[in-house]
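Asks: Based on what follows, work out the 3D shape:
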Amino acid sequence: MRLWLGRCRNAGVPIVPALVCPLTLPIDTILNGSISSKIAAVADWTEATTMAVAARHGKAMWRWSHCAPIEIKAAMAKPGIPIRMPWPNDALDDERLLSILSECRDTSSSTVTTIVRPWVDAAIEAEYPVEFRVFVTSDGRTSTSSYYFQRALSKKWIPYAEKASQMAKLLRRHVVNGVEFSADFLVTASMEVLFLEGGPSPKYGADPCCLNPWHPFGDNHIALQKEY
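Replies: Take a look at the predicted model:
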């Protein structure tokens, strides 16, 4: 996540602000450490995250540097369910976190930290936030999908999908040549398009959302509803 924040800054892409906790924790401690070692390791970490949330003087959320807690993802996908925000010391057994860290342990990403962001009210359609995932090929072509396949988006959102695609193309210039990626964007209640996070291409595990995974990506297609 820290890397994507720098890319957005360099590309001039607006983002949901993020405060990176200065404390880090080795991935191996989370995956292989004893319960006591984990509790000891995250004591200062949780306190720093709590203080950062409080410093926002308003609604805020935290996430792992590698992903959002599974409880947050589940609640966002089911309108009407209250969002419970666990603290890091209560979420070290998060299935989503453990799965993603297992994939990262043999890469240059050897530590994990937390990131605090203000809670940004999203534009809503049919009870779901309006978000887009843009897939970018190595040569800068895109395919864009509504993030939530649970409901269709109306055509009035096409200009916002196109704006998200344009922003993702700006990011293409700041990602290593040849690396395909995905980028997620939020449409706010004030109708701004803001970068949320970046991730891998469908080849490496990114959910295609509404796009047909058997259809070639990178044809500038926009999917407003599930196509498979």
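
Asks: Please parse the chain into its domains.
Replies: 17-118, 124-223 (automatic domain parsing).

Asks: Report all helices and strands that the helix or strand containing I100 contacts.
Replies: Per DSSP states H and E: I100 is located in helix 95-104. With contacts defined as 3 or more C-beta pairs under 8 Å, 6 or more residues apart in numbering; DSSP states H and E, the packing partners of helix 95-104 are helix 27-32, helix 70-76. In this view, the C-beta of every residue, glycine as well, is placed from N, C-alpha and C.

Asks: For those helices, which has the smallest mean pLDDT value?
Replies: Among the helices and strands packed on helix 95-104, helix 70-76 carries the lowest mean pLDDT, at a mean of 67.

Asks: what number of residues lie near H66?
Replies: Using other C-beta atoms under 10 Å, H66 has 19 neighbouring residues.

Asks: my read: it touches S99, true?
Replies: No - using C-beta atoms under 8 Å as the test, H66 is too far from S99 to be in contact (10.1 Å).

Asks: helix, strand or coil for the residue most central in space within the chain?
Replies: Compute the mean C-alpha point of the chain, and by C-alpha atoms, centre = their mean the closest residue is E197, 3.9 Å away. Here E197 is recorded as strand under DSSP: H, G, I helix; E, B strand; the rest coil.

Asks: Looks to me like I115 is in a strand.
Replies: Yes - counting by three-state DSSP, I115 falls inside a strand.
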